[in-house]
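Student: This is a predicted model, with the sequence first.
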2 protein chains.
Amino acid sequence: MTTTTSSIIDGNAFDEADPASLAELSPSDRDLVLRRRRALGPSYRLFYERPVHLVRGHGSYVYGADGQEFLDAYNNVASIGHSHPAVVEAVHRQMAQLNTHSRYLQRGVIDYSEKLLTTFPRGLDHVMFTNSGSEANDLALRVAEAATGGRGVVVTSEAYHGTSAAVTAISPSIGRFALGPHVRTVPAPDTFRLAPPEGIGAWFGARVAEAFTDLRRNGYAPSALVLDSILSSDGVVTDTSVLAPAYAAARAAGAVVIADEVQPGFGRTGSAFWGYARHSVTPDIVTLGKPMGNGVPVAAMIASAAVLEQFGTTVPYFNTFGGSTVPVAAANAVLDTILNNRLADHAERLGAQLLDDLRTLQTRHPHIGDVRGAGLFFGIEIVAEPGGSQPAPARARAIVNALREDGVLVSVAGPHSTTVKARPLLSWGQPEADRFITALDDALARTAAR
Amino acid sequence: MTTTTSSIIDGNAFDEADPASLAELSPSDRDLVLRRRRALGPSYRLFYERPVHLVRGHGSYVYGADGQEFLDAYNNVASIGHSHPAVVEAVHRQMAQLNTHSRYLQRGVIDYSEKLLTTFPRGLDHVMFTNSGSEANDLALRVAEAATGGRGVVVTSEAYHGTSAAVTAISPSIGRFALGPHVRTVPAPDTFRLAPPEGIGAWFGARVAEAFTDLRRNGYAPSALVLDSILSSDGVVTDTSVLAPAYAAARAAGAVVIADEVQPGFGRTGSAFWGYARHSVTPDIVTLGKPMGNGVPVAAMIASAAVLEQFGTTVPYFNTFGGSTVPVAAANAVLDTILNNRLADHAERLGAQLLDDLRTLQTRHPHIGDVRGAGLFFGIEIVAEPGGSQPAPARARAIVNALREDGVLVSVAGPHSTTVKARPLLSWGQPEADRFITALDDALARTAAR
């Protein structure tokens, strides 16, 4: 297997170079894996020690080619449920009617944009459409550079902001080799392993200030602090004291703040709707992605008029698919579904209950070192020794794969690939919550002896 | 109106800052334009002096809110026809069944990849999926850097390769200010204005060689020559003698060749199917986009195993929507439609007839300086004086807007915004070809006195 440093890519990867791994597959899946490798090449990875071959999805569940049912506790794209009828219907209607770009006047993109902007505070006035969170972050970096005249960017040490060259350069989780010279990392405010947690916001703000000072000393004027508002790839940080001091430090240095809401946004983290809003702060730029179209590629950048001014009036920008009719129709159906069904409040309530349940599990399973959650976004820290904080990546991997065998999909994150990352779909009800807790309880018991 | 240097963005832009332009709109369209500006901000542009408000599309036609019918002679996304039933049906079926990412084993993406790869010569072995041509070009640059160890890129002087930071830096049509220090431009092999055309291939190859030498002299080892195989934004160059010497010069310098097929690919330029294939050359990397999903965002990069090796085995890459189920289902329906209906051959035949018709128009309209075409991709050069080559941008703009008023959609391209760029849909038959020639004849007559 290719060796990389990335917890995102390889923490839960199938080892297709291992003959023993291949031998465990059914003949038809083995054939598919080999054909896949030939056609797609060496960059592609599959999840799990025994990959999941999916053929169907409905609501909170997906189904394997062999008929196995999986409770989806991971996917943040089909966030409101797989094959959601409102999205299926809206996309079908629009596909049959028109699908073209934003250089023609169209009502749909304007109606949707106005509705989307009502979910942001005054001052975050404009929306620009892209096809992926990567494109949104790439655009946000360019807007920040135009606004500040600087290039220096500060991110957390396990940050992941996407796949383009510019955002790979600010994504240390891809590998330190990928970082640009204009980028500095700060350690995530790890409320489990760093003490004292009560002062962690100020501590984190001080690290951000130092990082911008170091950039300036090396000739890089501050441009942006980019933070995923729940620090997903740093292991899920839910403490709401950490963003305000960091934002203040960035602004004091002359940088703008980009909130990467690709993972925490659209109600996933609860009633606040956007991850940053849980912290009672307001960023200058917000980037959106994954759940925005429930799987139809659509993403966006939100920016204040002041920050967007310089870029918008001097740099021509056109995105062929961005803001085109069908992706916007999908996004509109998703937003309506979330708002009309108050799914953000649902995520808040069901999330609070699940957090309690997980903490109860923690009292019985000493290899859970910590549980963090906001809405339906959870990080469950797996440790080597009861009461300790020593990371246990093999144990975390075993738990994830035990859950997969039992029909529950989760994965791992964090600097040591020891945070079990669970993102229950917003379509979950009580039966799904109960099944998840029971399955996790079983998986912890079955792996305890390892 | 914002002043930019871009022919792509502004050559055919509505001037929404001009009260007189706004006054010509219906009250409801004016209201929409103002709401659009407020929500989307200053980066967005509309086509035409009087923007087109679209509400419906079917086959080769789109329809305005006021009921006006437009023959689509421009859009290269809905290339096989607006609301094409095969794509509508395939997307609907897949949306209702499953839409998830490439880390689960799925048969559809493998079947499609193998089918797509049969349209490429041996050696172009692997496909990687993205959401846009921009993402595909951004990835291609990274793959080329990993393969060569160099960063130096050569492009044509009006090249446009997309919107991300990295591809904006190789897109001089955005503005020279956007170009990276690692980029050199070469003049396009303009067969109309540069003499002698018979030696233009060798001339172009020599310019590419010089550009790489200059890069090396300035510390940038050669990485890639990136060429749109029909040089769309340079004004549409169809001469098939120009690519081979350029490819040879790039390889002699140690660079790889990236063929940007986002505009000429998928049969648009005729039976060769890919634009580079008309030139009997084989690139190292090919990028695909616009028509690939007939409007569903999907794009790809094709690369040889040798070129992909270094990137694929050392850099983690995952694209959330890229290669996911629904975009692949759309792409599969498009490819099947093109192959099963032999639309590339249709483009070749109908294109040859239209090229003859356009050349007949040229004999009667002396402001047509030159006509170039390959398949259903045309550049019609508008000049100030009969027999001359002086560019006439205001006249070109008048022709484009006269066609729009008469219900035919085209736009402009080229260094002087004087190339009327027409890309008839692959769904055109004889009635559409006849209507286009008649409308262009009328538009040329009506604008002749200007």
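Tutor: Looks like it came in fine.
Student: need the strands for the stretch 201-350 of chain A, in chain order.
Tutor: With DSSP state E, counting those that start in this stretch as the criterion, the stretch 201-350 of chain A has strands at A:222-228, A:256-260, A:285-288, A:299-304.
Student: same thing with the stretch 1-150 of chain A?
Tutor: Using DSSP E, counting those that start in this stretch, the strands of the stretch 1-150 of chain A run over A:54-58, A:61-64, A:69-72, A:124-130.
Student: Output the strands of the stretch 201-350 of chain A in JSON lines; the columns should cover mean pLDDT and distance to B:Gly270.
Tutor: (Each C-beta comes from the backbone N, C-alpha and C, glycine too.) Below are the strands of the stretch 201-350 of chain A laid out as JSON lines (pLDDT from 0 to 100; distance: least, C-beta to C-beta, whole Å):
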{"stretch": "strand A:222-228", "mean pLDDT": "98", "distance to B:Gly270": "45"}
{"stretch": "strand A:256-260", "mean pLDDT": "98", "distance to B:Gly270": "44"}
{"stretch": "strand A:285-288", "mean pLDDT": "98", "distance to B:Gly270": "40"}
{"stretch": "strand A:299-304", "mean pLDDT": "98", "distance to B:Gly270": "35"}
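Student: Tally up the residues packed near A:Ser26, please.
Tutor: Neighbour count of A:Ser26, defined by other C-beta atoms under 10 Å in any protein chain shown: 12.
Student: Can you give me the pLDDT of the residue nearest to it when sequence neighbours are not counted?
Tutor: The spatially closest residue to A:Ser26, leaving aside those adjacent along the chain, is A:Asp66, at 7.3 Å (C-beta to C-beta, 6 or more residues apart in numbering or on different chains). pLDDT, A:Asp66: 96.
Student: Just confirm A:Asp66 contacts A:Val55, I think it does.
Tutor: No: using C-beta atoms under 8 Å, A:Asp66 is not in contact with A:Val55; the gap is 9.2 Å.
Student: returning to what we had before: can you list the strands of the stretch 201-350 of chain A in JSON lines and add mean neighbour count and distance to B:Glu49?
Tutor: Supplementary listing: those in JSON lines, determined by neighbours: other C-beta atoms under 10 Å in any protein chain shown; distance: least, C-beta to C-beta, whole Å:
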{"stretch": "strand A:222-228", "mean neighbour count": "29", "distance to B:Glu49": "38"}
{"stretch": "strand A:256-260", "mean neighbour count": "29", "distance to B:Glu49": "36"}
{"stretch": "strand A:285-288", "mean neighbour count": "28", "distance to B:Glu49": "33"}
{"stretch": "strand A:299-304", "mean neighbour count": "28", "distance to B:Glu49": "29"}
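Student: who wins for proximity to chain B among those strands?
Tutor: Across those, chain B has its closest neighbour in strand A:299-304 (7.4 Å, C-beta to the nearest C-beta).
Student: Check the offset of that closest one from the chain's centre.
Tutor: Its chain's C-alpha centre and that of strand A:299-304 lie 16 Å apart, by C-alpha atoms, centre = their mean, to the nearest Å.
Student: Just give the closest residue to the residue most central in space within chain A, not the sequence neighbours.
Tutor: Centroid-nearest residue in chain A: A:Gln263, 2.8 Å away (criterion: C-alpha atoms, centre = their mean). Leaving aside its chain neighbours, A:Gln263 sits nearest to A:Ser232 (4.5 Å; criterion: C-beta to C-beta, 6+ apart).
Student: dump the residue contacts of that neighbour.
Tutor: A:Tyr160, A:Gln263, A:Pro264, A:Phe377, A:Ala413, A:Lys421 (C-beta atoms under 8 Å, 6 or more residues apart in numbering or on different chains).
Student: Neighbours of the fourth one, how many?
Tutor: Neighbour count of A:Phe377, defined by other C-beta under 10 Å: 24.
Student: Contact partners for the closest residue to A:Val286 other than its chain neighbours?
Tutor: Excluding the flanking residues, the one nearest A:Val286 by C-beta to C-beta, 6+ apart is A:Ile302, at 4.2 Å. With contacts defined as C-beta under 8 Å, 6+ apart, the neighbours of A:Ile302 are A:Leu116, A:Leu117, A:Phe120, A:Leu124, A:His126, A:Val127, A:Ile285, A:Val286, A:Thr287, A:Leu288.
Student: Check A:Leu354 too.
Tutor: The contact partners of A:Leu354, by C-beta under 8 Å, 6+ apart, come to A:Gly373, A:Leu376, A:Phe378, A:Pro424, A:Ala433, A:Phe436, A:Ile437.
Student: That one is in what secondary structure piece?
Tutor: Following DSSP states H and E, one finds A:Leu354 within helix A:343-364.
Student: Mean confidence (pLDDT) on that helix, please.
Tutor: Averaged across helix A:343-364, pLDDT comes to 98.
Student: Tell me which other helices or strands the following helix or strand past it touches.
Tutor: Once helix A:343-364 ends, the next helix or strand along the chain (criterion: DSSP H and E) is strand A:368-374. If contacts are counted by 3 or more C-beta pairs under 8 Å, 6 or more residues apart in numbering or on different chains; DSSP states H and E, strand A:368-374 sits against helix A:343-364, strand A:377-382.
Student: Return the distance of the nearest residue to A:Leu98 once chain neighbours are set aside relative to A:Thr100.
Tutor: Leaving aside its sequence neighbours, A:Leu98 sits nearest to B:Gly57 (C-beta to C-beta, 6+ apart; 4.4 Å). With distances taken as C-beta to C-beta, to the nearest Å, B:Gly57 is found 7 Å from A:Thr100.
Student: okay, the two: which has more neighbours?
Tutor: For B:Gly57 versus A:Thr100, neighbours defined as other C-beta under 10 Å are more numerous around B:Gly57 (24 against 21).
Student: tell me the contacts of A:Ala90?
Tutor: Each residue near A:Ala90 by C-beta under 8 Å, 6+ apart is listed here: A:Ala329, A:Ala330, A:Asn332, A:Ala333.
Student: Report the contact partners of the closest residue to A:Phe47 other than its chain neighbours.
Tutor: Nearest non-adjacent residue to A:Phe47, counting by C-beta to C-beta, 6+ apart: B:Arg103, 4.5 Å away. Counting by C-beta under 8 Å, 6+ apart, B:Arg103 touches A:Arg45, A:Leu46, A:Phe47, B:Phe318.
Student: cutoff 10 Å now
Tutor: A:9, A:12-14, A:44-48, A:51-52, A:75, A:411, B:318, B:320, B:323 (C-beta atoms under 10 Å, 6 or more residues apart in numbering or on different chains).
Student: where's the dip in pLDDT among those?
Tutor: In terms of pLDDT, A:Ile9 ranks lowest among those, with 43.
Student: where does the stretch 151-300 of chain A come near chain B, residue by residue?
Tutor: By C-beta under 10 Å from any C-beta of the partner chain, the residues of the stretch 151-300 of chain A that approach chain B are A:160, A:162-169, A:171, A:173-175, A:177-178, A:262, A:289-290, A:293-299.
Student: and those, which are buried?
Tutor: A:160, A:162-169, A:171, A:173-175, A:178, A:262, A:289-290, A:293-299 (16 or more other C-beta atoms under 10 Å in any protein chain shown).
Student: farthest pair in the contacts of A:Leu354?
Tutor: Spatial extent of the contacts of A:Leu354 (C-beta to C-beta) is set by the pair A:Leu376 and A:Ile437 at 13.5 Å.
Student: returning to what we had before: how about the contacts made by the residue nearest to A:Leu98?
Tutor: If a contact means C-beta under 10 Å, 6+ apart, then B:Gly57 has A:96-100, A:325, B:63, B:70, B:72, B:75, B:78, B:81-84, B:295 as its contacts.
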